[in-house]
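Trainee: from the sequence below, what's the structure:
(one chain, ligands or ions: 2)
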Amino acid sequence: MLPTLSQRISQLQPSPTVALNTKAKELADQGHKIINFSVGEPDFPTPEPIVKAAIKALEAGKTRYGGAGGGLPLRKAICEKLLKENELTYTPEQIVVGIGAKEILFHLSLALLNPGDEVLIPAPYWVSYTEHVIAAGGTPIVIPMPADHKAPRLTKEMIAPYLTAKTKAIVITSPSNPGGYVIPPNEVKALGDYLADKNIWILSDEIYEYMSFDGPSISMATLCPAVRDRFILINGFSKGFAMTGWRVGYMAGPKPVADLVRTLQTQSSTCLPPFVEEGALEALRHGRQLMADKMVILQERRDLAVSILKKFPELDMLPPNGAFYIFIDLRKVLAKSALYTNDNSLDFSKKLLETYHVAMVPGEAFGAPGFIRLSYAVHEDTLKEGLSRLGDALVAIGGIRN
Ligand code: PMP
Ligand code: GLU
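Mentor: Ligands and ions are numbered 1, 2, ... in the order given. Reported below is the predicted structural model:
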């Protein structure tokens, strides 16, 4: 018999987004023509100046350990970005750069939580938040989606019943994954005003900041300075600069938090690869302008996907105005089919992959059974072909009319 494993870590679910992407890639390697709408990553190549900067750094011998939490030039550049683009003043000691926003968020859970601490996570939520909290010994408390999913509001009335003496933090994601929507500035401000006198950490995941199509996505810290002392901003380069494989993300927040997150990094991944840092620095030299044309392309793809999906009146969806997701409500369609119940998008997504070779993440992964997530950051022809196969699958299960 083997010695036992960690009880706490054994409770964790593997990331469903990563697992589905891996399965889709395996099927493609076996020769199937898979349409992969699963993983959240732009299909654009990383912009050339960024790639060149990293190559130059490699050739110059920047291949040794870097400084923990990111070198000073990169942390300074992040401060400049936050000032220029977000009107937020931070000092480099308040910034920690890590191996993706995912590592930063994981380390934040470890740094902030004691056993039994509760973290409020509004559904639909990104798959890793709950597992990070569990890994750190905390308890994720999911705030359910509003019944009227067409108005995906996060209001103080929704939060209030879940606030307890054990509440330690709340996670807010805008633009949202998987929702694909942006909380409008007046609502961000109202939330900030409400949270300002609550003694909890506010984790604001702004990784899709540049993907806000019907008006800007504005940080709660910008709109509501009163939250600043307990506000932790999380952002990264994966989405905004098409750098998913480079693994660079950061936090900006109170110095004691930054210190602890940096300590964790010294005891885990040590540092960012220094040539990757040079790529990230180059991205910041250009700023959001570097990707402006790509954001227009994403918006066109959003419009195309919405126009195709609207041909099926049985389908509902959250209003997609940010990130690159559409969170499709299949509940009515599944309920009509004799094969599924309205809260089972998991089995439908398996069928969709195995029979129709389309990979989409089921809502169960995001705390919203009966939904399915479309990641539309793919070529338009792929989008058309994949959505046509989705339509075929929905007709075949008897959920929609031909
Ligand atoms: N937050 C959200 C909402 C995400 O969708 C992702 C996607 N991976 C991340 C954080 C982490 O991104 P990364 O680790 O690639 O920086
Ligand atoms: N965030 C992306 C997604 O939701 C990438 C995969 C992951 O890290 O979860 O698909």
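Trainee: what residues are up against residue 315?
Mentor: 309, 328-330, 332-333, 394, 400 (C-beta atoms under 8 Å, 6 or more residues apart in numbering). C-beta coordinates here come from the backbone N, C-alpha and C atoms, glycine included.
Trainee: swap that for residue 213, please
Mentor: Counting by C-beta under 8 Å, 6+ apart, residue 213 makes contact with 182, 295, 298-299, 302, 321-322.
Trainee: how close does residue 188 get to ligand 1?
Mentor: Using C-beta to the nearest ligand atom, to the nearest Å, residue 188 is found at 16 Å from ligand 1.
Trainee: please apply the same query to residue 19.
Mentor: Distance from residue 19 to ligand 1, by C-beta to the nearest ligand atom: 13 Å.
Trainee: and that residue, what element?
Mentor: helix 16-29 (DSSP states H and E).
Trainee: then residue 382?
Mentor: Per DSSP H and E: helix 380-396 holds residue 382.
Trainee: what's next to that helix, contact-wise?
Mentor: 35, 37, 300-301, 304-305, 308-309, 311-312, 314-315, 330, 333, 348, 351-352, 355-358, 360, 374, 376, 378, 400-402.
Trainee: okay, and which of those residues map to strands?
Mentor: 35, 358, 374 (DSSP state E).
Trainee: highest neighbour count among those residues?
Mentor: For these, counting by other C-beta atoms under 10 Å, the largest number of neighbours falls to residue 374: 27 neighbours.
Trainee: and that residue, what does it touch?
Mentor: The contact partners of residue 374, by C-beta under 8 Å, 6+ apart, come to 37, 305, 325-328, 360, 387.
Trainee: now it. Nearest residue, chain neighbours left out?
Mentor: residue 326 (4.5 Å; C-beta to C-beta, 6 or more residues apart in numbering).
Trainee: the one you found sits in which helix or strand?
Mentor: strand 325-329.
Trainee: and if you look at residue 116?
Mentor: Short version, using DSSP H and E: residue 116 is in no helix or strand.
Trainee: neighbours around residue 256, how many?
Mentor: 10.
Trainee: picking up where we left off before, out of the ones in strands among the contacts of helix 380-396, which comes closest to residue 338?
Mentor: residue 358 (21.5 Å; C-beta to C-beta).
Trainee: so who does the residue of the stretch 1-150 of the chain found nearest ligand 1 touch?
Mentor: Of all residues in the stretch 1-150 of the chain, residue 100 sits closest to ligand 1, at 2.6 Å by C-beta to the nearest ligand atom. For residue 100, the contacting residues are 236, 238, 247-249, by C-beta under 8 Å, 6+ apart.
Trainee: which non-adjacent residue is nearest residue 198?
Mentor: residue 163 (6.7 Å).
Trainee: does the one you found touch residue 141 like I think?
Mentor: No - between residue 163 and residue 141 there is no contact under C-beta atoms under 8 Å: 9.4 Å.
Trainee: identify the contacts common to the two.
Mentor: Counting by C-beta under 8 Å, 6+ apart, the residues touching both residue 163 and residue 141 are residue 120.
Trainee: residues from the chain in reach of ligand 1?
Mentor: Counting by C-beta under 6 Å from any ligand atom, the chain comes close to ligand 1 at 40, 100-102, 126, 173, 177, 205, 207, 236, 238, 244, 249.
Trainee: count of neighbours near the residue nearest to residue 374?
Mentor: Around residue 326 there are 25 residues (other C-beta under 10 Å).
Trainee: list the contacts of it.
Mentor: 180, 302, 305-306, 309, 317-318, 320, 373-374, 376.
Trainee: next, give me the two most distant ones among the residues you listed.
Mentor: 306 and 373 (14.5 Å).
Trainee: those two - which one has more neighbours?
Mentor: residue 373 (27 against 14).
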